[in-house]
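# model the structure of this input:
(one chain, ligands or ions: 1)
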Amino acid sequence: MSRKSFWQLLYLESLGLNEVILPEGVKTKAQALEEVRRQVLRCTRCDLHKTKTHYVFGSGNPYADLMFVGEAPGAEEDKKGKPFVGRAGQLLDRLLQEVGLNRETDLYITNVLKCRPPRNRDPEPGEIQACFPYLKAQIQILRPRLLVALGRFAAWTLYGMQKKMSLLRMQVQQSKFGIPLVVTYHPAAALRREALTDEMRRDFQLMVQTLEQLRQSS
Ligand code: URA
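From the prediction side, this is the model:
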């Protein structure tokens, strides 16, 4: 993905052309999120809707302090309509459990793309751009204390530009949404290269420490 496509994304946003419009009368986070979900379920903003089985909107606790963002649904997620229910999700659950977190109650989880790219190929810039308003709406509705990016596509999208993972990891970043951001590897990458699992454990330590500090300082 070129650097330009991310700048293009920011530019469209600055023009206000990249918004999800919520109807009046929406009062709670859960209601607002449900409205965005309804919009996703009829999305045709890019071609991925033609090849997907299910849209994968997000799951977990909309009132949680933590929000995780992955890349895009894989085969299992596409089949079930839920994020991170395949092997990568099982590893994620294990790592969460190790730091005492439960996916359904302690966080909300979604992806940059709401539809599966064919054969799990990398997301294309145009797809990220087309889907971005939904992610932005989810973040603005949930207003989590801390964002966690799983993998480089989520990291770049939340950080707002491309940067090496080695420069983004192991220190708390400021996301483009004004919410602190912890970047870690994608669990699918850790399944391919086992050494990354320990790196993820380090990032999860940073995540829980940061969350504790954020809670104490509010
Ligand atoms: N990989 C992702 O990035 N998201 C999922 O939901 C599953 C696998």
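# what ranges do the helices span in the chain?
Taking DSSP state H as the criterion, the chain carries its helices at 3-14, 29-40, 48-51, 75-80, 87-98, 103-106, 125-142, 152-159, 165-168, 187-192, 195-216.
# most tightly packed of the ones you listed?
Comparing these by mean neighbour count (mean count of other Cβ atoms under 10 Å), helix 152-159 ranks first with a mean of 25. (C-beta placed from N, C-alpha, C; glycine too.)
# relative to helix 125-142, how tilted is it?
If you take axes from the mean of the first three to the mean of the last three Cα atoms, to 10 degrees, helix 152-159 sits at 60 degrees to helix 125-142.
# could you list the residues in contact with helix 152-159?
1, 6, 69-72, 111-112, 122-123, 128, 132, 135, 147, 149, 162-163, 165, 168, 173, 175-177, 181, 183, 186 (Cβ atoms under 8 Å, 6 or more residues apart in numbering).
# and if we set it to 7 Å?
With Cβ atoms under 7 Å, 6 or more residues apart in numbering as the test, helix 152-159 has contacts from 6, 69-71, 112, 123, 128, 135, 147, 149, 162, 165, 168, 173, 175-176, 181, 183.
# near the ligand too, which of the residues you listed?
70-71 (Cβ under 6 Å from any ligand atom).
# circling back to that earlier point, got the helices of the chain as JSON lines, with mean pLDDT and distance to Asp65 columns?
Output for the helices of the chain, formatted as JSON lines (pLDDT from 0 to 100; distance: least, Cβ to Cβ, whole Å):
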{"stretch": "helix 3-14", "mean pLDDT": "56", "distance to Asp65": "25"}
{"stretch": "helix 29-40", "mean pLDDT": "93", "distance to Asp65": "13"}
{"stretch": "helix 48-51", "mean pLDDT": "98", "distance to Asp65": "31"}
{"stretch": "helix 75-80", "mean pLDDT": "98", "distance to Asp65": "24"}
{"stretch": "helix 87-98", "mean pLDDT": "98", "distance to Asp65": "14"}
{"stretch": "helix 103-106", "mean pLDDT": "97", "distance to Asp65": "8"}
{"stretch": "helix 125-142", "mean pLDDT": "95", "distance to Asp65": "10"}
{"stretch": "helix 152-159", "mean pLDDT": "97", "distance to Asp65": "16"}
{"stretch": "helix 165-168", "mean pLDDT": "97", "distance to Asp65": "21"}
{"stretch": "helix 187-192", "mean pLDDT": "98", "distance to Asp65": "21"}
{"stretch": "helix 195-216", "mean pLDDT": "98", "distance to Asp65": "6"}
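# how far away is the closest residue to Gln171 other than its chain neighbours from Gln39?
Spatial nearest neighbour of Gln171, excluding adjacent residues (Cβ to Cβ, 6 or more residues apart in numbering): Leu206 at 7.9 Å. Here the criterion is Cβ to Cβ, to the nearest Å. By it, Leu206 lies 34 Å from Gln39.
# tell me how far the residue nearest in space to the middle of the chain lies from Ala195.
The central residue of the chain, meaning the one whose C-alpha is nearest the mean C-alpha position (Cα atoms, centre = their mean), is Val69 at 1.7 Å. According to Cβ to Cβ, Val69 and Ala195 sit 23 Å apart.
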